[in-house]
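**Student:** The sequence and its predicted three-dimensional model are supplied below.
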Amino acid sequence: MDSYVYPVLFGIFCGVTSRMLMLRTDYRQYPTYLHGKIIHIALGFIASALGSIAVPALIEQEYTAITFLTVAASQFREVRNMERNTLAQLDQYELVPRGNTYIEGIAIAFESRNYLVILTSMVTTLVYVLTNLIIGIIAAVLCILLSRVLMDGGKLKDIVDIEYVEPYFKGEGLYVDNIYIMNIGLPARQEEVLKYGMGFILKPKNFNARSTIANLGQRQAILHDITTALGVYRDSGTPALVPLAKRDLDDGRVGVFVLPQEKDKEKAINVIGNTPTLENAIRMPTKRKKNEGGGNN
Amino acid sequence: MRYVCQLNVKRMRGVATINIEKVILAVLTTNPNKAPSGIAVFHCESTEEMYKIGANLEAILDGIAHKLTDEIMIIVKH
């Protein structure tokens, strides 16, 4: 077994490196602090150790070692629950909450990243054992690149065209383009809304996109991301100052109304465009039509 | 006047908390003939007074002031 020490150590190193590279404080704004990061690096270490050790065990025909991986699977399902619970608790105190769909998306991402770590450490250990260190390093780089590709989801700018529109009042009704947003009764509040408010129209590029942006979770994610990037003119006790996204029932366009502290049109369009398309919000009605004639499966 | 009341009961550390959503908390009117019953109604002398009381109630009750007609405003908890 001594001959496996370096491959296993190398596999663990590559797995942890891969986890650290995937652990960016990015648009999700989480985890932001050291303690949150330590938890995920520690779990990444466990994942990479399991992945690395499985390889020599299998080579030595210790097939029961595969049960290790089932332990890992249940462990990482727990990670998903942990993330979900933490974010759901924190969400109650956000001025503009993330919403459950976004939280579930983040929780899934955290679980799946651990599986990518197992894959990385397993492949690199296997390649090192079968060949040598140099080819092992090449395999590790390829695995890390693959992890990055698998980790990146779609962006909203791929499925919608974004356009800035000045919000306006018709009577007491607030509108963005021709989309009704809400009724604001007090003139003082209306003035604030016009002063700080910004409106955007998201025009779906195809029929699938129309269903995706209709999802309430996806719309809440857009509002949360803009708030995170540009701030929000809002506080507890001012419920009328609320960012909202409403849908035009005729053509599926979505009118987004936000109250950013930094009123920068270009930046806001950029932020909306970079909002992730949530896995749980994606709908593909056109795929169904294509597969309908395929008979019974 | 019909209003919708949704009760969300959450259990946190053994204590039940109740959130009331989508309910009319108060009505402001300058026309007493059109005021509904069974709910807190504020009779106002003028539209300006209605706006002034509405702004205070909005902050106190954490609800949004919506204007239905020129004579009636409602404070709704969303």
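**Tutor:** Yep, that arrived.
**Student:** which residues in the chain form helices?
**Tutor:** All of this is about chain A. Secondary structure of chain A, counting by DSSP state H: helices at A:5-22, A:34-59, A:67-91, A:100-130, A:133-151, A:187-196, A:207-214, A:216-230, A:265-273, A:285-292.
**Student:** other chain: chain B
**Tutor:** Using DSSP H, the helices of chain B run over residues B:47-61.
**Student:** For the residue of chain B found nearest chain A, the count of nearby residues, please.
**Tutor:** For chain B and chain A, the shortest gap (C-beta to the nearest C-beta) falls at B:K67, measuring 3.6 Å. Just so you know, the C-beta spots here come from the backbone N, C-alpha and C atoms, and that holds for glycine as well. Other residues lying near B:K67 total 23 when counted by other C-beta atoms under 10 Å in any protein chain shown.
**Student:** any idea how far B:G38 is from it?
**Tutor:** Distance of B:K67 to B:G38, computed by C-beta to C-beta, to the nearest Å: 21 Å.
**Student:** What of A:R84?
**Tutor:** For A:R84 relative to B:G38 (C-beta to C-beta), the value is 41 Å.
**Student:** just A:V55 next, same as before
**Tutor:** 73 Å.
**Student:** more crowded one of those two?
**Tutor:** Using other C-beta under 10 Å, the more surrounded residue of A:V55 and B:G38 is A:V55, with 24 against 7.
**Student:** Give me the local confidence score for that one.
**Tutor:** Note for A:V55: predicted pLDDT of 88.
**Student:** show me where pLDDT drops low in the chain?
**Tutor:** Using chain A. Scanning chain A with the threshold set as pLDDT under 70 gives A:1-2, A:25-33, A:289-297.
**Student:** Hmm, no, I was thinking of chain B.
**Tutor:** B:1-20.
**Student:** okay, now A:N100: neighbour count?
**Tutor:** 16.
**Student:** How about the contacts made by it?
**Tutor:** Residues near A:N100 by C-beta atoms under 8 Å, 6 or more residues apart in numbering or on different chains: A:A88, A:G217.
**Student:** quick revisit: in space, what's closest to the residue of chain B closest to chain A - neighbours in sequence excluded?
**Tutor:** Excluding the flanking residues, the one nearest B:K67 by C-beta to C-beta, 6 or more residues apart in numbering or on different chains is A:G185, at 3.6 Å.
**Student:** residue contacts, that neighbour?
**Tutor:** Per C-beta under 8 Å, 6+ apart, neighbours of A:G185: A:E172, B:G54, B:I64, B:A65, B:H66, B:K67, B:M73, B:I74.
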